[in-house]
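>>> quick one: sequence plus predicted model below, questions after.
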Amino acid sequence: MQKTFKNEKILFAEPLFQCDGLAGFTRSELYENAIHRTLRINQLKKEHNWTQEDFDIAIRCLNYEVGFVIHLSMFIPAIERLATDDQKAKWLPLAESYRILGTYAQTELGHGTNLMALETTATFDPRTDEFVLRTPQLSSMKWWPGSLGKTATHAIVLAQLIIGNKNYGMNPFMVQLRSLEDHMPLPGIIVGDIGAKLGANSNDNGFLILNDVRIPRENMLARNSKVTKDGRYIQTSTNKANYATMVLVRLSIIRWAEDTIKNGSLIAIRYSAVRRQSSLQAGGPEMQVLDYQTQQYKIFPSLAASYALFFTYEAMMKEYEIAYAQIMRGNNQLLGQIHGQLSGLKAFASDLVTYELEMCRRSCGGHGYLKASVVGETLLHTLPLVTVEGDNTVMYLQCARYLLKQIAKALAGQDVDEPTSYLKKDILSYTCPVQKGEHCTNPNYLLKIYTQRAHSAIASVARQLQFDLESGKDQSSAFNNNLVSLVQAAKAHCQLCLMKNFVESVSALERTCSENLASVLRQLCLYFGLHGIVTASGEFLESEAIGLQQLEWIKAEELKSLAAIRPNAVALVDAFDLHDQTVMSALGRYDGNAYQHLFEAAKREPMNQTQVPPAYYKYLRDLIKGQPLAKL
Ligand SMILES: CCCCCCCC/C=C\CCCCCCC/C=C/C(=O)SCCNC(=O)CCNC(=O)[C@H](O)C(C)(C)COP(=O)(O)OP(=O)(O)OC[C@H]1O[C@@H](n2cnc3c(N)ncnc32)[C@H](O)[C@@H]1OP(=O)(O)O
Ligand SMILES: Cc1cc2nc3c(=O)[nH]c(=O)nc-3n(C[C@H](O)[C@H](O)[C@H](O)COP(=O)(O)OP(=O)(O)OC[C@H]3O[C@@H](n4cnc5c(N)ncnc54)[C@H](O)[C@@H]3O)c2cc1C
């Protein structure tokens, strides 16, 4: 799955990267540890001539529990995408050498989704050839940007550009926040950390108030638009291009989701293989809980999702690279496609893994509630993915907006993008491919069912919107009246994408891998398809892609698939080739000694470093001895 990290031994030989000790760290300790880790990985990269890919894999091996995540995953990419060549020549070397530390400051206390309503302003002052940056009111302050709280010396601030009395919309501005001499905030800058979060507390997400902060005109990142010395606004590309960084991060989030669900399914499956509990025959030996059909039903979806997301990330990375290369040459033809695809898939991937991670946690029984199992921590660390880079509902709606455009083109007989080529088909020409039970064992037949369901969902909401408009509703009311169906259509398209990528990737692999491996992957792909239909059976029935007879066959085949996957389940998670220090879980160690590792973790618990707790002397001793308690 993930390229085996040949440098794993080097990385995990150092205590800094051994994860057992993180439990009990304070926020400041987590924060410092994260910075220390990234800088040490940088040193290892130089010492061992690692590539950038090695660096990225090292970060992933540490589950992104490192510092400078926004600097590396947003600040630098934003300079690469939004700056002119001269600006890149100035800022990139400083950023890449950590001489400046950056953040991407877009979200405000009052607005995160609605970028058009961002309140921060950058007003051009022709007298001094500067922009004056201001967060005019409480709700305007930047709020959430990673590394903003205590680390960033610079921010790419997204602000409404004002020239004279005209607003030219959101544009990017490079703003220095702190002195490079003593790290103190510069005049007009009020900055700090927004406080503890549910997880990811090594990251100093911060707030930023800008009180008439002046920056030179050349600090507006001007690849897509610029302001001349005499105050003229010149747009050289669509202002959507200023959204480019978010598209890249949405792609990265699909891989982040893949990484976390691999951890979760590995822990759940390895633990379920060693955990014995109860027996089916009275007096018989206790069973591996992995042999219970219900346990398989709970955790095999996360196993299948791990592979499905791996194949989808690989496919979308190729799609993104093609689109990005064109966009950077000024050809925005694929911008709408890549935005629509990645908006929806980021939402679908993060929804899928947060749901399946909780199922993995539940499948570990009581021990799933211990931090030492790590599944719960992984879930807390993953939860933000349904919000960052665009709240999932909003992202599905962006995807749906793209799909509506595509189906309109299809119905008008115009060309459509490759990912939506199925919309060219006559919706009435579909016939159910599953005419007998064994057809349910063919992923290609299932793919046709997914295709019809997605096409039907998109066509149905498009018709309803048209009906609402023709019956006199205005555009926004008609839209709001159909948001739930629009989200449903986007999800249907995304689930089709995952299934299509899974089927196509396995058939490509079949040409080169052993038949044994091919049959295991085919089985997992089949299960992924069957399970997806069963969990959304209402939508599949509604689309008439299947009837009740087909659903009955599919449900039966899904349960058969569980038994077929069982013999290979542990091997399929071992194939992730994840180091114990990456998984970090006492329940998911390669050696299977879950109880020993749980007990070792308990012994490391700070409270166990003394036998008698301080509370004994304060409260318990007198209580136990029947002495009257002093006034508390
Ligand atoms: C140390 C480790 C690092 C090492 C690297 C390791 C690899 C990194 C791994 C993982 C990194 C992941 C890091 C995760 C951390 C993330 C931290 C969080 C960051 C953030 O959250 S940044 C802020 C994100 N905010 C948003 O996403 C805002 C969401 N809102 C919007 O995008 C927009 O408001 C909107 C799309 C909802 C609405 O846009 P708008 O107001 O313009 O109105 P519309 O009419 O809908 O759209 C107009 C037009 O624009 C097109 N459009 C919109 N968005 C885009 C886009 N992004 N790209 C292209 N085009 C876009 C839209 O389709 C419309 O076009 P048409 O008019 O239809 O043609
Ligand atoms: C851990 C973390 C790290 C972050 N890091 C950064 C960062 O580095 N830089 C940065 O700029 N931002 C960052 N953010 C902010 C993040 O981008 C926003 O939180 C996100 O875009 C969602 O916007 P919001 O918080 O305003 O939610 P809202 O948009 O207010 O969402 C609230 C509810 O309203 C609904 N809603 C909103 N608009 C619509 C609509 N048009 N149609 C239907 N429903 C709607 C949403 O679905 C949601 O249910 C971070 C956030 C988190 C949690």
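That came through fine. Ligands and ions are numbered 1, 2, ... in the order given.
>>> give the buried residues for stretch 175-188.
Residues of stretch 175-188 classed as buried by neighbour count (16 or more other C-beta atoms under 10 Å): 175-178, 188. Every residue, glycine included, has its C-beta placed from N, CA and C.
>>> so what's the residue nearest the centre of the chain up against?
Closest residue to the average C-alpha location of the chain: residue 253 at 3.0 Å, with C-alpha atoms, centre = their mean. Shown in contact with residue 253 (C-beta atoms under 8 Å, 6 or more residues apart in numbering): 346, 349-350, 385, 388-389.
>>> ok, which pair from those is furthest apart?
349 and 388 (12.6 Å; C-beta to C-beta).
>>> which one's more surrounded, those two?
Neighbour count, other C-beta atoms under 10 Å: between residue 349 and residue 388, residue 349 has more, with 30 against 21.
>>> just give the number of residues close to the closest residue to that one other than its chain neighbours.
What sits nearest to residue 349 in space, not counting adjacent residues and going by C-beta to C-beta, 6 or more residues apart in numbering, is residue 257, at 4.1 Å. Number of residues near residue 257 (other C-beta under 10 Å) recorded here: 29.
>>> excluding chain neighbours, give the residue nearest to whatever residue of the chain ends up closest to ligand 2 in space.
Nearest residue of the chain to ligand 2, counting by C-beta to the nearest ligand atom: residue 112, 2.4 Å away. Closest residue to residue 112 apart from its sequence neighbours, by C-beta to C-beta, 6+ apart: residue 144 at 7.0 Å.
>>> mind listing the helices for the stretch 51-200 of the chain?
52-61, 69-70, 76-82, 85-96 (DSSP state H, counting those that start in this stretch).
>>> now do the stretch 301-450 of the chain
So, for the stretch 301-450 of the chain - with DSSP H, counting those that start in this stretch - the helices run 335-362, 375-382, 392-411, 443-470.
>>> next helix or strand past the last one?
Same thing as helix 443-470. Sequence order places helix 475-480 as the next helix or strand after helix 443-470, per DSSP states H and E.
>>> which elements pack onto that next one?
Packing partners of helix 475-480 (3 or more C-beta pairs under 8 Å, 6 or more residues apart in numbering; DSSP states H and E): helix 443-470.
>>> quick one: buried residues of the helix it packs on?
Buried residues in helix 443-470 (16+ other C-beta under 10 Å): 443, 445-462, 465, 468.
>>> who in the chain is up against ligand 2?
Contact residues, the chain versus ligand 2 (C-beta under 6 Å from any ligand atom): 70, 104-107, 111-113, 144-146, 200, 205, 384, 387-388, 390-391, 393-394, 397, 483.
>>> from those residues, which land in strands?
104-105 (DSSP state E).
>>> re the thing from before, mean pLDDT and distance to residue 243 for the helices of the stretch 51-200 of the chain - can I get that in TSV?
Below are those laid out as TSV (pLDDT from 0 to 100; distance: least, C-beta to C-beta, whole Å):
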stretch	mean pLDDT	distance to residue 243
helix 52-61	93	23
helix 69-70	96	17
helix 76-82	96	10
helix 85-96	98	18
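>>> dump those helices to CSV, plus distance to residue 632.
Output for the helices of the stretch 51-200 of the chain, formatted as CSV (distance: least, C-beta to C-beta, whole Å):
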stretch, distance to residue 632
helix 52-61, 48
helix 69-70, 44
helix 76-82, 55
helix 85-96, 55
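>>> out of those, flag the one nearest residue 266.
The minimum distance between residue 266 and the helices of the stretch 51-200 of the chain falls on helix 52-61, with 13.6 Å, by C-beta to C-beta.
>>> in that closest one, which residues are buried?
In helix 52-61, counting by 16+ other C-beta under 10 Å, buried: 54-55, 57-61.
>>> where are the low-confidence patches of the stretch 401-550 of the chain?
Counting by pLDDT under 70, the stretch 401-550 of the chain contains no low-confidence range.
>>> neighbours of the spatially closest residue to residue 136 that is not a sequence neighbour, just the number please.
Leaving aside its sequence neighbours, residue 136 sits nearest to residue 119 (C-beta to C-beta, 6+ apart; 6.0 Å). Applying other C-beta under 10 Å, we find 18 residues neighbouring residue 119.
>>> got a list of what the closest residue to ligand 1 within the stretch 501-632 of the chain touches?
Minimum separation of the stretch 501-632 of the chain from ligand 1 (C-beta to the nearest ligand atom) falls at residue 582, amounting to 14.5 Å. Neighbouring residues of residue 582 by C-beta under 8 Å, 6+ apart: 60-63, 263.
>>> try it again at 10 Å.
Contacts for residue 582 (C-beta atoms under 10 Å, 6 or more residues apart in numbering) come out as 2, 5, 8, 11-12, 17, 19, 60-63, 259, 262-263, 266, 576.
>>> can you check residue 204 too?
By C-beta under 10 Å, 6+ apart, the neighbours of residue 204 are 27-28, 30-31, 34-35, 67, 70, 103, 145-152, 192-194.
>>> that one and ligand 1: what is the separation?
13 Å (C-beta to the nearest ligand atom, to the nearest Å).
>>> just the pLDDT for that residue.
In this model, residue 204 is scored at 98, pLDDT.
>>> how about residue 5?
Residue 5 is given a pLDDT of 64.
>>> circling back to that earlier point, is it true that the residue of the chain closest to ligand 2 touches residue 139?
No. Judged on C-beta atoms under 10 Å, residue 112 makes no contact with residue 139 at a distance of 11.3 Å.
>>> ok, these two, which is more surrounded?
When residue 112 and residue 139 are compared for neighbours, residue 112 comes out ahead with 17 against 13, by other C-beta under 10 Å.
>>> so which bits of stretch 281-296 are buried?
Buried residues in stretch 281-296 (16+ other C-beta under 10 Å): 287, 289-290, 292, 295-296.
>>> also stretch 408-418?
Result for stretch 408-418 [16+ other C-beta under 10 Å]: buried residues 409-410, 416-417.
>>> quick revisit: let's see the ChimeraX selection covering just the buried ones among the residues of the chain next to ligand 2.
Remark: buried members of the residues of the chain next to ligand 2, expressed as a ChimeraX selection using 16+ other C-beta under 10 Å:
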select :70,104,105,106,107,111,112,144,145,146,200,205,384,387,388,390,393,394,397
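>>> need the contact list for residue 143.
105, 107-112, 135, 194, 205-209.
>>> who touches the closest residue to it other than its chain neighbours in this structure?
Spatial nearest neighbour of residue 143, excluding adjacent residues (C-beta to C-beta, 6+ apart): residue 109 at 4.1 Å. For residue 109, the contact set (C-beta under 10 Å, 6+ apart) comprises 119, 135, 137-144, 194, 207, 209.
>>> next one: residue 406
Residue 406 touches 336-337, 340, 414-417, 419-424, 458, 462, 493, counting by C-beta under 10 Å, 6+ apart.
>>> ok so, going back, so the residue nearest to residue 136 is in contact with residue 160, correct?
Yes. If you go by C-beta under 10 Å, residue 119 and residue 160 touch, sitting 7.5 Å apart.
>>> what does the stretch 1-150 of the chain put close to ligand 1?
Checking the stretch 1-150 of the chain against ligand 1 by C-beta under 6 Å from any ligand atom, the hits are 38, 56, 59, 64, 66, 68-70, 72-73, 104, 106-107, 112-116, 146.
>>> apply 8 Å and report the result again.
Proximity of the stretch 1-150 of the chain to ligand 1, by C-beta under 8 Å from any ligand atom, involves residues 38, 55-56, 59-60, 64, 66-74, 104, 106-107, 112-116, 144-146.
>>> residue of the stretch 451-600 of the chain nearest ligand 1, please.
residue 479 (10.8 Å).
>>> I'd like to know how far that residue sits from residue 517.
According to C-beta to C-beta, to the nearest Å, residue 479 and residue 517 sit 47 Å apart.
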